[in-house]
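Enquirer: Sequence and computational prediction follow.
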Amino acid sequence: MHLLEVKNLHVEVDGKKILNGLELSIGRGSVHAIMGPNGSGKSTLAHVLAGKADYVVTEGEVLLDGEDILALAPDERAAKGLFLAFQYPLEIPGVATMTFLRTALNAQRKTRGEPELLVPEFMKRVNEVSGKLGIDKDMLRRGVNVGFSGGEKKRNEILQMALLEPRLCVLDETDSGLDIDALKVVSEGVNRLRSPTAPSWSSRTTSACSITSCRTWCTFFRRAAS
Amino acid sequence: MNVEVRPIKTAAETALATNFAMAKRALPGAPAVAALREDAFRRFESEGLPHRRVEEWKYTDLRALMRDAKPLAGVPDAAAKARAKQAMDMLAAIEARAIVFVDGAFVPELSDLADLEAGLTIGSMAQRLASDDQQLVAHLGKLVPTDDVAVALNTAFMGDGAVIHVAEGVALARPIHLIFVNAGKEPASIFVRSLVVIEKGARAMLVESHVGANVREDQVNAALELKVGDSAHVDHVKITGQGAGALHVSSLMATIGAHARFNAFLFTTGAAVVRNQLFVRFAGEGIIAGIRGASLLKGRQHTDTTLIADHAVPDCTSREVFKSVLDDESRAVFQGKIIVRRHAQKTDARMATHALLLSDAAEADNKPELEIFADDVQCGHGATSGDLDEDLLFYLKARGIPAKEAEALLIQAFVGEAVEGIEHAGLRDALMDQVVDWLAART
């Protein structure tokens, strides 16, 4: 069984048909890239997978690990291991990144029936991951993405991904707006998560589905995966 | 044809007149005070309870909201004091000096009057009124003169309250916490009046809490006159958490001296109807003031914040930020007026009010006003109202945070932006804890 199976997916937004019978299978531990011109429905697919409200699925099903997730709320999908890295990460003034990360991680653990992660253990993991991604600790005390540059916001997405340890990462134009060095840091972050030594709540290996219009980005994965 | 217009009194107005006639001999004060009371009551009678055709009270029609006037509160008995004690443990974490009033009367045995810092005096308004204190009478109603009817009613009926003096250059080590508890057996009218004088260069923090032990239709009229001396640094935080049936009208009359720092904060979660009036006079140059507030309302609660910031002199800075979170059929009113007088050049005043509507039936009314007579000033205001940002909610949910928790996180952040303005970290935390409790009680 594939990790993700999208069957005959039809999606409308405001009565306008965007996806017409999409089929997609993603195996465990594999990396897929979805490329296509603007307006072809790439981001729509990402949002539908994550459960955004404005998208209406008129036909088809989306199975994560054999379970149809279309009826699940976005937070339940996240707890099942689906992660969407946003093309435009939002700013949340007044909610410190640290609070946000801890709330998200513990909410997912709670939904999965796992115990809360205690503060020292949580801090250890945050420090480890943020160090590797070159994220300043001071940034973590500020509001989520507030005052972050475009590149910092993308790195913050990868930090969240690394901490939440999803089984399926959907990267929506994560490479856009990044220079070549940042691209490397971010893709290494993704690859690290997929490496056999990565600590994971699930014994299964992580898969990635990258939505991009940049070929260079794909080569980073190819290199790492080989 | 000349027709004499004789307004018909409402039941509440008639009851107030009866109460005044019966109580005026018993109310504390020598002849000079009695004359003040008579004057004030006559002012009230000539106008009656304010109603929606009075511009300042347009959104809070007291004539309609006050169906009757409750009898004046009696002297609290032992049982009332015991009930009050239960309601008092709030803000224990900030280790403030508690000064306690039960049903409007000062209760020394519940108050912390030990080891007063040198230069700090705390007394009872009722005692000072009764002792024919000329200096006190000279101050009453004079700091920021107003013809407001609620203040007039307070002057007519004022019972007890705090009289606090902080001498020049004294920095108080602990905040002073005035706790007003309603704990009598029957619903009552309570009129408290306080006078706080902080002299030049002094540093003080004043917290004022109004709490009620139960759901009762108490009617509270609280007034505080505050003098902030030159170069003094004063924080005033008022917490209104009265029982869900109460009517609460309060007036802060503050005059601020040159180069002083003044921070006021209004935190409201309680009472059926709240009217918070702030009359703030910038009387000396170089003042930096922050006037902020947060209200969290549900059911059919109504909170009206009416602010007049009067910039009478040059070079003052003021920031006004008010936030309200409105659930169910609640309503928040904000009327904020910034006056910049002719000589108040280089005034820098900015006012913002934001309402978060959590339900379709909630209502926010914002009325910012700028009256500018000087030509070299920076003044602005902004008002927003809306519901929670769907995209932000989706971002949080996509990270695994359930809808209700995501909403709570965003609401906390919204309120937190105003609460940030409070300098005392312990108090900030205590208020944010109350926000969390409020959110947890939301169904």
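Expert: Perfect, thanks for sending it.
Enquirer: Quick check: residues of chain B near chain A?
Expert: Contact residues, chain B versus chain A (Cβ under 8 Å from any Cβ of the partner chain): B:390-392, B:394-403, B:405-406, B:409-410, B:412-414, B:416-417. C-beta: built from backbone N, CA, C; applies to glycine.
Enquirer: Would you mind listing which of those residues are buried?
Expert: For those, a burial check counting by 16 or more other Cβ atoms under 10 Å in any protein chain shown picks out B:392, B:394-402, B:405-406, B:409-410, B:412-414, B:416-417.
Enquirer: Just want the residue of the stretch 1-150 of chain B that's nearest chain A.
Expert: residue B:93 (20.2 Å; Cβ to the nearest Cβ).
Enquirer: no wait, chain B
Expert: For chain B, Cβ to the nearest Cβ, closest residue to chain A: residue B:413, 2.8 Å.
Enquirer: you'd agree that residue is up against residue A:91?
Expert: No - if you go by Cβ atoms under 8 Å, residue B:413 and residue A:91 don't touch, sitting 10.9 Å apart.
Enquirer: follow-up on the earlier one: just the ones of the buried ones among the residues of chain B next to chain A in helices?
Expert: Members of those lying in helices (criterion: DSSP state H): B:392, B:394-398, B:405-406, B:409-410, B:412-414, B:416-417.
Enquirer: Low-confidence stretches in chain B?
Expert: B:1-7, B:213-215, B:443 (pLDDT under 70).
Enquirer: number of nearby residues for the residue of the stretch 1-150 of chain B closest to chain A?
Expert: 11 (other Cβ atoms under 10 Å in any protein chain shown).
Enquirer: got it, and the one 10 residues further on?
Expert: Counted by other Cβ under 10 Å, the residues lying close to residue B:103 total 28.
Enquirer: List the contacts of the nearest residue to it once chain neighbours are set aside.
Expert: Leaving aside its chain neighbours, residue B:103 sits nearest to residue B:73 (4.0 Å; criterion: Cβ to Cβ, 6 or more residues apart in numbering or on different chains). Applying Cβ atoms under 8 Å, 6 or more residues apart in numbering or on different chains to residue B:73 gives the contacts B:103-105, B:159, B:182, B:184, B:188-190.
Enquirer: nearest spatial neighbour of residue B:424, skipping sequence neighbours?
Expert: Closest to residue B:424 by Cβ to Cβ, 6+ apart is residue B:205, at 6.1 Å.
Enquirer: where's that neighbour relative to residue A:74, distance?
Expert: As defined by Cβ to Cβ, to the nearest Å, residue B:205 lies at a distance of 44 Å from residue A:74.
Enquirer: Please enumerate the strands of the stretch 51-200 of chain B.
Expert: B:97-102, B:105-106, B:120-124, B:162-166, B:176-182, B:189-198 (DSSP state E, counting those that start in this stretch).
Enquirer: element containing the closest residue to chain B within chain A, please.
Expert: Closest to chain B within chain A is residue A:94: 2.8 Å, counting by Cβ to the nearest Cβ. Assigned by DSSP states H and E, residue A:94 falls within strand A:92-96.
Enquirer: In terms of secondary structure, what does that strand contact?
Expert: Packed against strand A:92-96 by the contact rule (3 or more Cβ pairs under 8 Å, 6 or more residues apart in numbering or on different chains; DSSP states H and E) you find strand A:143-144, helix B:390-398, helix B:403-419.
Enquirer: quick one, which of the ones you listed is nearest to residue B:295?
Expert: Set against residue B:295 and scored by Cβ to Cβ, those come closest in helix B:403-419, at 9.1 Å.
Enquirer: got the angle for that closest one vs helix B:390-398?
Expert: 120 degrees (axes from the mean of the first three to the mean of the last three Cα atoms, to 10 degrees).
Enquirer: Run the angle between the helix or strand just after helix B:403-419 and strand B:176-182 for me.
Expert: Going down the chain from helix B:403-419, the next helix or strand is helix B:425-441, by DSSP H and E. Orientation of helix B:425-441 against strand B:176-182 (the same axes, to 10 degrees) gives an angle of 30 degrees.
Enquirer: which other helices and strands contact helix B:425-441?
Expert: Counting by 3+ Cβ pairs under 8 Å, 6+ apart, helix B:425-441 packs on strand B:233-241, strand B:288-297, helix B:403-419.
Enquirer: now these in a markdown table, with distance to residue B:56?
Expert: Output for the helices and strands packed on helix B:425-441, formatted as a markdown table (distance: least, Cβ to Cβ, whole Å):
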| stretch | distance to residue B:56 |
| --- | --- |
| strand B:233-241 | 20 |
| strand B:288-297 | 18 |
| helix B:403-419 | 24 |
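Enquirer: So which residues on chain A come close to chain B?
Expert: So chain A meets chain B at A:50-53, A:73-75, A:77-79, A:83-84, A:86, A:89-90, A:92-95, A:99-100, A:103-105, A:107-108, A:111, A:143, A:160, A:164 (Cβ under 8 Å from any Cβ).
Enquirer: From the residues you listed, list the buried ones, please.
Expert: Neighbour counting by 16+ other Cβ under 10 Å classes A:50-52, A:74-75, A:77-79, A:83-84, A:86, A:89, A:92-95, A:99-100, A:103-105, A:107-108, A:111, A:143, A:160, A:164 among the residues of chain A next to chain B as buried.
Enquirer: Now, these that are in strands?
Expert: Residues of these located in strands (DSSP state E): A:83-84, A:92-95, A:143.
Enquirer: Straight-line length of stretch B:398-408, end to end?
Expert: 16 Å (Cα to Cα, to the nearest Å).
Enquirer: Residues in contact with it: which ones?
Expert: So stretch B:398-408 is contacted by A:50-51, A:73-75, A:77-79, A:83-84, A:86, A:100, A:103-105, A:107-108, A:111, A:160, A:164, B:358, B:388, B:393, B:396-397, B:409, B:436, B:439-440, B:442 (Cβ under 8 Å, 6+ apart).
Enquirer: mind checking the SS state of residue B:44?
Expert: helix (DSSP: H, G, I helix; E, B strand; the rest coil).
Enquirer: For the closest residue to it other than its chain neighbours, list the residues it contacts.
Expert: In space, residue B:44 comes closest to residue B:152 once its chain neighbours are excluded; the distance is 4.7 Å by Cβ to Cβ, 6+ apart. When contacts are counted by Cβ under 8 Å, 6+ apart, residue B:152 touches B:40-41, B:43-44.
Enquirer: Including neighbour count, could those go into a markdown table?
Expert: A markdown table is the format used below for the contacts of residue B:152 (neighbours: other Cβ atoms under 10 Å in any protein chain shown):
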| residue | neighbour count |
| --- | --- |
| B:40 | 21 |
| B:41 | 20 |
| B:43 | 17 |
| B:44 | 24 |
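Enquirer: could you list every residue that touches residue B:109?
Expert: Counting by Cβ under 8 Å, 6+ apart, residue B:109 makes contact with residue B:81.
Enquirer: Run a quick check on residue A:93 versus residue A:142, I expect a contact.
Expert: No - counting by Cβ under 8 Å, residue A:93 does not reach residue A:142; the two are 9.2 Å apart.
Enquirer: quick one: stretch A:30-41 to chain centroid distance?
Expert: How far stretch A:30-41 lies from its chain's middle: 15 Å, per Cα atoms, centre = their mean, to the nearest Å.
Enquirer: in it, what's buried?
Expert: Using 16+ other Cβ under 10 Å as the test for burial, stretch A:30-41 gives A:30-34, A:41.
Enquirer: Ok, stretch B:55-64 next?
Expert: By 16+ other Cβ under 10 Å, the buried positions in stretch B:55-64 come out as B:56-60, B:62-63.
Enquirer: Which one of the residues you listed is nearest to residue B:9?
Expert: Nearest member of the buried residues of stretch B:55-64 to residue B:9, counting by Cβ to Cβ, is residue B:63, at 10.1 Å.
Enquirer: Can you verify my assumption that the closest one contacts residue B:48?
Expert: Yes - the pair residue B:63 / residue B:48 is scored as a contact, 7.0 Å apart, by Cβ under 8 Å.
Enquirer: Mind listing the shared neighbours of these two?
Expert: B:10, B:13.
Enquirer: which phi and psi does residue A:15 have?
Expert: Main-chain dihedrals, residue A:15, degrees, to the nearest 10: phi 80, psi 0.
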